[in-house]
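>>> Structural data only, the sequence is not supplied:
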């Protein structure tokens, strides 16, 4: 740790914060994604419109702007609605912004996966006497999940690295800690290299998890 | 911890809510402010290996609070979001060695100047102290392109050979290599940077401290536009720490010269 002039602990704290941000955003973002996908495939034209608008706007705008909008715009909006200042927690604002972004991509992934399951599968399931929910749950979703897993995992790794933009609004995550450490020690190369190594370890672990779950998902049914 | 954080109830938020409800009850309770600084810019503001905020700006902020008889929390905020954060009421003032510029004046109100932007020539040890345009006629002077010092030289030192560099470091390297006779730049930046390097052992500041006019309006403490109450409190506290020597005492902790 001497190489890091005692800043190793700070960098690790930053890494913990990065993982917390990523994990919370993954959970909330997956919910947003499911909701977005459901709206896009809905029978109602209004719902479909909202679903597509969500994906189009969020995917078309830099994530940094989304973070600014939630953190600064959010508290100004709440203040004007309630008539007094409302504090928005950095962590919450970061999770909401990252989840909005993740959800937009996840919705597209889920929609693509669901649509790639042939219509005949659904029809066959219905003709065996399953109702719509049963057909979706036991026949369509397991097949769609296999297809969705790889791009979904990809997007999760992007999310892990994306957490660094939340440092702009004061979150003490890994990149911010590295910036502070390089400022204090005047050794930016060492500190950012250390941060890069930590990111590599984190994304490496995430990749291993994904490979394991892909192997698991591609087993033949019933085995 | 992470469960609580997910739902927005960090310990700080709870404390803030609690504090707010308390201060509503007691209308004359002690004021409390949040102050933003930058946090990666030693010796002005930086975090030590324990993650604690340190530096000249942090000390000044705390001294101001003492004079305002307020309870303060100093927070580190990334530079890119520091003015938007003030406008969104994340904190009440910015004490971060922020240069007073016309552009920033349109978005925030600045206190009285709390630090001078001082420029100074550096040359080989033993160089005469006279750095007037007449004395430097025909000499080569290195300066950072686009800086306030570059503008100042172009206007006043027309008889000298001014060489422009993309970074202050490039000018410093050419001074060491002997391609220029003088360099002109921010004195404190030289003091904490170039003058501390082994290359600088044969070089020294020459001539007087230069400031004002083309060389900048100094640094100010930023408050929200139109927050006249805050501004007058900050200015009063600033005058108080200047008058009773606190300001100079803090400066002496970091520098062997005065900042104002």
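Looks like it came in fine. Note that the structure is a prediction, hence the values are computed from the model and not measured.

>>> Quick check, the residue in chain A closest to chain B?
residue A:183 (3.0 Å; CB to the nearest CB). C-beta here means a position set from N, CA and C on the backbone, and glycine is covered the same way.

>>> contacting residues around the closest residue to that residue other than its chain neighbours?
Leaving aside its sequence neighbours, residue A:183 sits nearest to residue B:40 (CB to CB, 6 or more residues apart in numbering or on different chains; 3.0 Å). Residue B:40 makes contacts with A:179-180, A:182-184, B:46-47, B:76, as judged by CB atoms under 8 Å, 6 or more residues apart in numbering or on different chains.

>>> do the same with residue A:106
Shown in contact with residue A:106 (CB under 8 Å, 6+ apart): A:29-30, A:32-34, A:36-37, A:152, A:155.

>>> contacts for the least confident helix or strand in chain A by mean pLDDT?
Lowest on mean pLDDT, DSSP states H and E among the helices and strands of chain A sits helix A:74-82, with a mean of 83. Residues external to helix A:74-82 that are found in contact with it (CB under 8 Å, 6+ apart): A:85-88, A:93, A:96, B:88-90.

>>> ok, then the element right after that helix?
Next along the chain after helix A:74-82, taking DSSP states H and E as the criterion, comes helix A:90-115.

>>> now that next one: how far from the chain's centre is it?
Between the centre of helix A:90-115 and the centre of its chain there are 5 Å (CA atoms, centre = their mean, to the nearest Å).

>>> Show me what the helix or strand following it is packed up against.
Toward the C-terminus, helix A:90-115 is succeeded by helix A:119-127 as the next helix or strand (DSSP H and E). With contacts defined as 3 or more CB pairs under 8 Å, 6 or more residues apart in numbering or on different chains; DSSP states H and E, helix A:119-127 has these neighbours: helix A:132-135.

>>> Distance from the helix it packs on to the middle of the chain?
Here the centre of helix A:132-135 is set off from its chain's centre by 28 Å, with CA atoms, centre = their mean.

>>> and for that helix, what are the contacting residues?
Residues outside helix A:132-135 that contact it (CB under 8 Å, 6+ apart) are A:122, A:125-126.

>>> Could you give the number of residues near residue 47?
Since you didn't name a chain, this refers to chain A. Counted with other CB atoms under 10 Å in any protein chain shown, residues neighbouring residue A:47 total 14.

>>> That was the other one, I meant chain B.
Residue B:47 has 25 nearby residues by other CB under 10 Å.

>>> wait, what's in contact with it?
The contact partners of residue B:47, by CB under 8 Å, 6+ apart, come to A:10, A:180-181, A:183-184, B:39-40, B:53-54, B:76.

>>> Beta-bridge partners for it, please?
Note on residue B:47: beta-bridge partners by DSSP bridges are residue B:53.

>>> ok so, going back, just the contacts of residue A:106: which are in helices?
A:29-30, A:32-34, A:36-37, A:152, A:155 (DSSP state H).

>>> shaky segments in chain A?
A:1, A:220-223 (pLDDT under 70).

>>> For it, which residues are neighbours of chain B?
A:5-7, A:9-10, A:13, A:20, A:23-24, A:68, A:71-73, A:75-76, A:79, A:85, A:87-89, A:91-92, A:95, A:167-170, A:176, A:179-184, A:186 (CB under 8 Å from any CB of the partner chain).

>>> picking that back up, which of the contacts of residue A:106 lies closest to residue B:58?
Closest approach between the contacts of residue A:106 and residue B:58, by CB to CB: residue A:29, at 36.6 Å.

>>> Report the contact partners of the closest residue to that closest one other than its chain neighbours.
Once flanking residues are discounted, residue A:29 sits nearest to residue A:102: 3.1 Å by CB to CB, 6+ apart. Residue A:102 is in contact with A:25-26, A:29-30, A:32-33, A:155-156, A:159, counting by CB under 8 Å, 6+ apart.

>>> repeat for residue B:68
B:31, B:33, B:233-234, B:236-237.

>>> do residue A:148 as well
A:109-110, A:112-113.

>>> 7 Å instead?
A:109-110, A:113 (CB atoms under 7 Å, 6 or more residues apart in numbering or on different chains).

>>> in which helix or strand would I find it?
helix A:141-162.

>>> what comes up buried for that helix?
A:141, A:143-145, A:147-153, A:155-157, A:159-160, A:162 (16 or more other CB atoms under 10 Å in any protein chain shown).

>>> sorry, back to before: just among the contacts of residue A:148, which is most surrounded?
Counting neighbours by other CB under 10 Å, residue A:110 leads the contacts of residue A:148 with 26 neighbours.

>>> Find the closest residue to chain A in the stretch 101-250 of chain B.
Closest point on the stretch 101-250 of chain B to chain A, by CB to the nearest CB, is residue B:193, at 8.5 Å.

>>> just to revisit the earlier point, which among the contacts of residue A:106 count as buried?
A:29-30, A:32-33, A:36-37, A:152, A:155.

>>> Confirm residue B:184 sits in a helix?
No: using DSSP: H, G, I helix; E, B strand; the rest coil, the secondary structure at residue B:184 is strand, not a helix.

>>> which residues touch it?
B:119, B:121, B:141, B:143, B:149, B:153.

>>> Just give the closest residue to the third one, not the sequence neighbours.
Nearest-residue entry for residue B:141: residue B:182, 4.7 Å, with adjacent residues in sequence omitted and distances by CB to CB, 6+ apart.

>>> and if you look at the fourth one?
In space, not counting the residues next to it along the chain, residue B:143 is nearest to residue B:150; the distance is 4.7 Å by CB to CB, 6+ apart.

>>> Check which helices and strands the one helix or strand the one you found maps to is in contact with.
Using DSSP H and E, residue B:150 sits in helix B:148-156. For helix B:148-156, the packing partners by 3 or more CB pairs under 7 Å, 6 or more residues apart in numbering or on different chains; DSSP states H and E come out as strand B:140-144, strand B:161-165, strand B:182-186.

>>> now that helix against strand B:182-186, angle please.
130 degrees (axes from the mean of the first three to the mean of the last three CA atoms, to 10 degrees).

>>> quick one: the strands in chain B?
B:32-37, B:40-41, B:45-47, B:53-54, B:71-76, B:93-99, B:108-110, B:119-124, B:140-144, B:161-165, B:182-186, B:203-210, B:219-224 (DSSP state E).

>>> Those: lowest mean pLDDT?
Between the strands of chain B, the lowest average pLDDT goes to strand B:40-41, which shows a mean of 86.

>>> strands paired with that one, and their directions?
In its sheet, and by DSSP bridges, strand B:40-41 pairs with strand B:45-47 (antiparallel).

>>> Test my guess that residue B:190 contacts residue B:122.
Yes: between residue B:190 and residue B:122 there is a contact at 5.9 Å, judged by CB atoms under 7 Å.
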